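1. one predicted model, sequence on top.
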Amino acid sequence: MKIALLGYGRMGKMIEGIALDRGHSIVAKIDNNDPFELNGAEVAIDFSTPDAAFGNLTKCFAQGVPVICGTTGWLDRFDEAVANCSKHDGGFIYASNFSLGVNLFFELNKKLAQMMQPQKDYKTSLTEIHHIHKLDAPSGTGITLAEGVLAHSDKENWSLDGKVAEDLPIYSIREGEVPGTHTVTYESKVDTIEITHEAHNREGFALGAVVAAEWIIGKTGIFTMKDVLGL
Ligand SMILES: NC(=O)C1=CN([C@@H]2O[C@H](COP(=O)(O)OP(=O)(O)OC[C@H]3O[C@@H](n4cnc5c(N)ncnc54)[C@H](OP(=O)(O)O)[C@@H]3O)[C@@H](O)[C@H]2O)C=CC1
Ligand SMILES: O=C(O)C1=N[C@H](C(=O)O)C[C@H](O)C1
């Protein structure tokens with residue numbers, strides 16, 4: 001499979017290593033201000049920046065190249081990206097987190113939220129910890145987890161660091177080189193129930209993105225990691 005890497009930073013480089021190990025070739029590596037030349041790529045993998053992702057996706061769809069997108073912090077334009085993809089009968093997978101472990105954790109989170117819905121003595125919150133280079137807050141994964149909780153809650157919205165009292169708070173912490181830790185907490189006067197996913201490195205994210213790229217070849221439509229993993 002010929003892959004174009006849109007964004008050749010921490011994730012782009014890790015994806016390159018895993019893709020080569022799995023027998024694929026990298027035909028383009030595009031960073032900021034590089035010419036947008038896909039060089040016959042069969043699939044593009046975008047781990048760029050919140051400002052760059054939407055433009056990159058738009059160009060790929062126009063050129064008939066399916067996209068796996070892991071970039072977070074640009075979802076205000078998600079519906080437009082989906083419309084662009086459909087217009088060109090393209091293929092698209094966005095995931096706030098491509099790791100198998102986090103996708104299992106998403107399902108666990110929804111199940112726990114459903115169980116906790118009648119338990120009105122518990123206060124719910126989310127915490128995400130990431131490295132100091134991260135541009136967006138809260139994390140995309142934190143937002144997906146919050147959506148999973150809100151689907152089984154009387155609350156309607158999440159807000160960053162508890163800024164709106166009636167919302168579900170997502171606390172964002174930036175420290176050192178932490179790859180990504182997410183915790184959902186239910187706290188009452190008498191006890192605490194907590195579930196945590198802690199990434200030990202970026203390998204799981206990168207492997208998931210390559211597996212998604214292998215999966216989308218020959219398909220058109222908008223898919224999720226649930227489709228790829230059969231969850
Ligand atoms: N969904 C998931 O599983 C995961 C998602 N992420 C997300 O992926 C994104 C990237 O993370 P990470 O690799 O750590 O970040 P980095 O900052 O290490 O890499 C981002 C890269 O994007 C490049 N870039 C900037 N503008 C453009 C552009 N217009 N087109 C293409 N590339 C561009 C930067 O190049 P330059 O240096 O020239 O500016 C840089 O090399 C983030 O949004 C992060 O949240 C991260 C891990 C897992
Ligand atoms: O920026 C990161 O590093 C990560 N970003 C993703 C997010 O925002 O959820 C996924 C992972 O946690 C690492």
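-> Sure, I can see it. Ligands and ions are numbered 1, 2, ... in the order given.
2. which residues of this structure lie near ligand 1?
-> Contact residues, the chain versus ligand 1 (Cβ under 6 Å from any ligand atom): 6-12, 30-32, 47-49, 52, 56, 70-73, 95-98, 205. In short, each C-beta sits where N, CA and C put it, glycine included.
3. these in helices, which ones?
-> When DSSP state H defines the helices, the subset of these inside them is 10, 11, 12, 56, 205.
4. mind checking pLDDT for the last one?
-> Note on residue 205: pLDDT of 98.
5. check contacts around it.
-> 11, 14, 70, 97, 98, 99, 180, 199 (Cβ atoms under 8 Å, 6 or more residues apart in numbering).
6. quick revisit: mark which of the residues of the chain next to ligand 1 are buried, thanks.
-> Taking 16 or more other Cβ atoms under 10 Å as the criterion, what is buried in these is 6-8, 10-12, 30, 47-49, 52, 56, 70-73, 95-98, 205.
7. which ones, among these, also lie beside ligand 2?
-> Counting by Cβ under 6 Å from any ligand atom, the members of those near ligand 2 are 72, 96, 97, 205.
8. kindly reformat those residues as CSV containing distance to residue 106.
-> Formatted as CSV, these follow (distance: Cβ to Cβ, whole Å):
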residue, distance to residue 106
72, 15
96, 9
97, 8
205, 14
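9. skipping adjacent residues, who's closest to the residue of the chain found nearest ligand 1 in space?
-> Scanning the chain for proximity to ligand 1 using Cβ to the nearest ligand atom identifies residue 9 as nearest, at 1.9 Å. Excluding the flanking residues, the one nearest residue 9 by Cβ to Cβ, 6 or more residues apart in numbering is residue 47, at 7.0 Å.
10. help me confirm that that neighbour comes into contact with residue 6.
-> Yes: shown here, residue 47 and residue 6 form a contact pair, counting by Cβ atoms under 8 Å, at 7.4 Å.
11. anything in the helix ranked longest in the chain near ligand 2?
-> Across the chain, the longest stretch assigned as helix under DSSP H is helix 100-116. No: residues of helix 100-116 contacting ligand 2 under Cβ under 6 Å from any ligand atom: none, with a closest distance of 7.4 Å.
12. what does that helix contact?
-> Residues outside helix 100-116 that contact it (Cβ under 8 Å, 6+ apart): 95, 97, 122, 124, 141, 144-145, 148-149, 151-153, 182, 184, 186, 193, 195, 197, 199, 204, 207-208, 225-226, 229, 231.
13. got the phi/psi numbers for the closest residue to residue 66 other than its chain neighbours?
-> Using Cβ to Cβ, 6+ apart and skipping residues adjacent in sequence, the residue nearest residue 66 is residue 91, 3.2 Å away. Backbone torsions of residue 91, given as degrees, to the nearest 10, read phi -130, psi 140.
14. same question, residue 213
-> Here residue 213 shows phi and psi, under degrees, to the nearest 10, equal to phi -60, psi -40.
15. ok, it - contacts?
-> Contacts for residue 213 (Cβ under 8 Å, 6+ apart) come out as 1, 3, 19, 24, 43, 45, 68.
16. fine, thanks again, bye for now.
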